[in-house]
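Asks: Sequence isn't available, so here's the structure alone:
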């Protein structure tokens, strides 16, 4: 379970939000909405332990998580497959089929192409292929995952998130888009 109480975050000395609290149980989806600069990314970074809250606490109960930020994190000099393998290695994943994961996002034919030749949508798909390798990771923290995706990519990501939730995973995502994701338990918070 993911649980927050009295959470407050700041950036550059400015308070973004205060007294935020929510609980997310297995199978739960949390959509975080808000205007640009309202603190959506800061909240995800705080949940991931990459930023410290100004107040309050985050409890993950020792749970593993996967954080995919707004920037895809694709290195230009590595091939698409090498980028995926590098990310998987950092996450401690072993014995995976990277080409199959790329195939789930329709980019297996780009596996041997250096990252510098990818469009923004292809970069996003390459970054999201990490999700196909991370079904066993309970919590997914996704910052604007639908950005730069076409309709097919949005449908693929939506289906992958729905499948993760069905098996007891949890997803926290920020998005300016209203995308359908099947979940038995969905919540939404608006940061202002």
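Replies: Right, received. Where do you want to start? Worth saying up front: this structure is predicted, and the values here are computed from it rather than measured.

Asks: can I assume residue 187 sits in a strand?
Replies: Yes - assignment of residue 187 by DSSP: H, G, I helix; E, B strand; the rest coil places it within a strand.

Asks: Quick check: pLDDT value at the spatially closest residue to it that is not a sequence neighbour.
Replies: Leaving aside its chain neighbours, residue 187 sits nearest to residue 30 (4.9 Å; criterion: Cβ to Cβ, 6 or more residues apart in numbering). Bear in mind the C-beta positions are built from the backbone N, C-alpha and C, glycine included. Note on residue 30: pLDDT of 98.

Asks: Same question for residue 128.
Replies: Reading off the model, residue 128 has pLDDT 95.

Asks: these two touch, right, it and residue 68?
Replies: Yes - the criterion here is Cβ atoms under 8 Å, and residue 128 meets it with residue 68 at 6.7 Å.

Asks: Overlap in contacts, these two.
Replies: Counting by Cβ atoms under 8 Å, 6 or more residues apart in numbering, the residues touching both residue 128 and residue 68 are residue 145.

Asks: Strands of the protein, start to end?
Replies: All strands of the chain, identified by DSSP state E, fall at 2-11, 14-24, 28-34, 55-59, 65-68, 139-143, 170-174, 185-191.

Asks: hang on, the earlier thing: for the residue nearest to residue 187, give me its contacts.
Replies: Per Cβ under 8 Å, 6+ apart, neighbours of residue 30: 22, 24, 170, 171, 172, 173, 186, 187, 188, 189.

Asks: again, but for residue 93
Replies: With Cβ under 8 Å, 6+ apart, residue 93 has these contacts: 133, 134.

Asks: one more time with 10 Å
Replies: Each residue near residue 93 by Cβ atoms under 10 Å, 6 or more residues apart in numbering is listed here: 66, 84, 85, 87, 130, 133, 134, 136, 137.

Asks: how far away is the fifth one from residue 90?
Replies: The spacing between residue 130 and residue 90, counted by Cβ to Cβ, to the nearest Å, is 10 Å.

Asks: Count residues in the vicinity of the residue nearest to residue 28 when sequence neighbours are not counted, would you?
Replies: Distances taken as Cβ to Cβ, 6+ apart put residue 185 closest to residue 28, at 4.4 Å, once the chain neighbours are dropped. Using other Cβ atoms under 10 Å, residue 185 has 13 neighbouring residues.

Asks: so where do the helices sit in the chain?
Replies: Taking DSSP state H as the test, the helices found in the chain are 40-47, 80-90, 98-104, 120-132, 151-166.

Asks: quick one, which of those helices is nearest to residue 73?
Replies: Residue 73 lies closest, by Cβ to Cβ, to one member of those: helix 120-132, at 5.9 Å.

Asks: Noted, bye for now.
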